[in-house]
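Peer 1: have a look; sequence and predicted model below, questions after that.
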Amino acid sequence: MSGVTTDLDPTRVDRGAESETPLSPRRERTRERLLDAAYGLFAEHGINGTSIEAVCEAAGFTRGAFYSNFDTKESLFLALTEREIRMRMRSLEAAVEHLPDDPVRDGAIAPEAIATIVAAVMADPRDERRWCLMSAELELLALRDPQVAERFADQEESFRTELADILGRVLTSVGMRFAIDAAAATRVLISAYTSAARDAFLTPDGDDAAQRAQSADWLPALVGRLVEPDPGAA
């Protein structure tokens, strides 16, 4: 989801792709409160089960405040997912600076290094269930609405591109590289983790799904298939 798409930049007013108006500090605080309120409501009730009035009431604002920042619920939803992805990318960039001292052993990425990276992408494991619900809700919305689908596809493509770039830099720094096309490898990793987390949340003890997905036995094995030593590394 992003490198980032301009009209979803959290420092801009979402009044359509043509708008580039910077937010004032006060409006940015208003926008953040609306996003915070929407996060819980969308995760619990879905976008169709959540009214604009409910979001405004939860945030403590009027409909006027909503429409000063977002055209529709769909715009709010896309901005919310963009904010979440921005946070996870920042966490990942920070985690890269604190990898284990010996991230490569016998030509393979050490499991604890993989766990560090996965934990950063998850950001806050306590919110992973809500994020799983939000992601599923947005995907369904995009499948039903062609206009949302276009922006959703842009988010997804931009996110994968940025993540592939970060992971590529991590691998280069430890003398490794992707064994297949970086974009394809990143897509496989995202799909595998998303599927594992979803399946875990469907179990009776699914509340710790994020932690279990992070430490899953299959993860190092999958990474081992997707990366290899870089013969050109010094």
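Peer 2: Structure's in. What do you need?
Peer 1: now do the helices in this protein.
Peer 2: Ranges of helices in the chain, per DSSP state H, are 25-45, 52-59, 63-67, 73-96, 111-122, 128-144, 146-173, 182-201, 209-214, 218-226.
Peer 1: tilt between the last one and helix 111-122?
Peer 2: When you say that, I think you mean helix 218-226. 100 degrees (axes from the mean of the first three to the mean of the last three CA atoms, to 10 degrees).
Peer 1: and the helices of the chain: which comes nearest residue 103?
Peer 2: Nearest to residue 103 among the helices of the chain is helix 111-122 (3.9 Å), distances taken as CB to CB. For every residue, glycine as well, the C-beta is placed using N, CA and C.
Peer 1: what residues are bridge-paired with residue 227?
Peer 2: Using DSSP bridges, the bridge partners assigned to residue 227 are residue 178.
Peer 1: give me the helix or strand of this structure that scores worst on average pLDDT.
Peer 2: Every helix and strand in the chain was compared by mean pLDDT, DSSP states H and E; the lowest is helix 209-214, with a mean of 55.
Peer 1: what sits against residue 166?
Peer 2: Applying CB atoms under 8 Å, 6 or more residues apart in numbering to residue 166 gives the contacts 89, 92, 93, 96.
Peer 1: typed the wrong thing, it's residue 98
Peer 2: Contacts for residue 98 (CB under 8 Å, 6+ apart) come out as residue 116.
Peer 1: next one, pLDDT for it please.
Peer 2: Per-residue pLDDT puts residue 98 at 74.
Peer 1: for residue 166, same thing?
Peer 2: pLDDT, residue 166: 88.
Peer 1: residue 192 too?
Peer 2: Note on residue 192: pLDDT of 84.
Peer 1: and it, how many neighbours?
Peer 2: Residue 192 is flanked by 17 other residues according to other CB atoms under 10 Å.
Peer 1: skipping its backbone neighbours, what lies nearest it in space?
Peer 2: residue 222 (5.9 Å; CB to CB, 6 or more residues apart in numbering).
Peer 1: same thing with residue 113?
Peer 2: Distances taken as CB to CB, 6+ apart place residue 103 nearest to residue 113, at 3.9 Å, with adjacent residues excluded.
Peer 1: so how far is residue 91 from the residue most central in space within the chain?
Peer 2: By CA atoms, centre = their mean, the chain has its centre lying nearest to residue 85, at 3.4 Å. From residue 85 over to residue 91 the distance is 11 Å, taken as CB to CB, to the nearest Å.
Peer 1: ok, residue 49 next?
Peer 2: Using CB to CB, we find residue 49 at a distance of 30 Å from residue 91.
Peer 1: out of the two, which sits in the busier spot?
Peer 2: Higher neighbour count among residue 49 and residue 91: residue 91, with 17 against 11, using other CB under 10 Å.
Peer 1: isn't that one right up against residue 120?
Peer 2: Yes: assessed by CB atoms under 8 Å, residue 91 is found in contact with residue 120 at 4.4 Å.
Peer 1: quick revisit: just the helices of the chain: most buried one?
Peer 2: Each of these was scored by mean neighbour count; the highest is helix 209-214, a mean of 21, by mean count of other CB atoms under 10 Å.
Peer 1: can you list the weak-confidence ranges in the chain?
Peer 2: Applying pLDDT under 70 to the chain picks out residues 1-22, 119, 121-126, 204-216, 234.
Peer 1: leaving out chain neighbours, which residue sits closest to residue 94?
Peer 2: Leaving aside its sequence neighbours, residue 94 sits nearest to residue 120 (CB to CB, 6+ apart; 7.0 Å).
Peer 1: who are the neighbours in contact with that neighbour?
Peer 2: 88, 91, 92, 94, 95, 96.
Peer 1: this completes my enquiry, with thanks.
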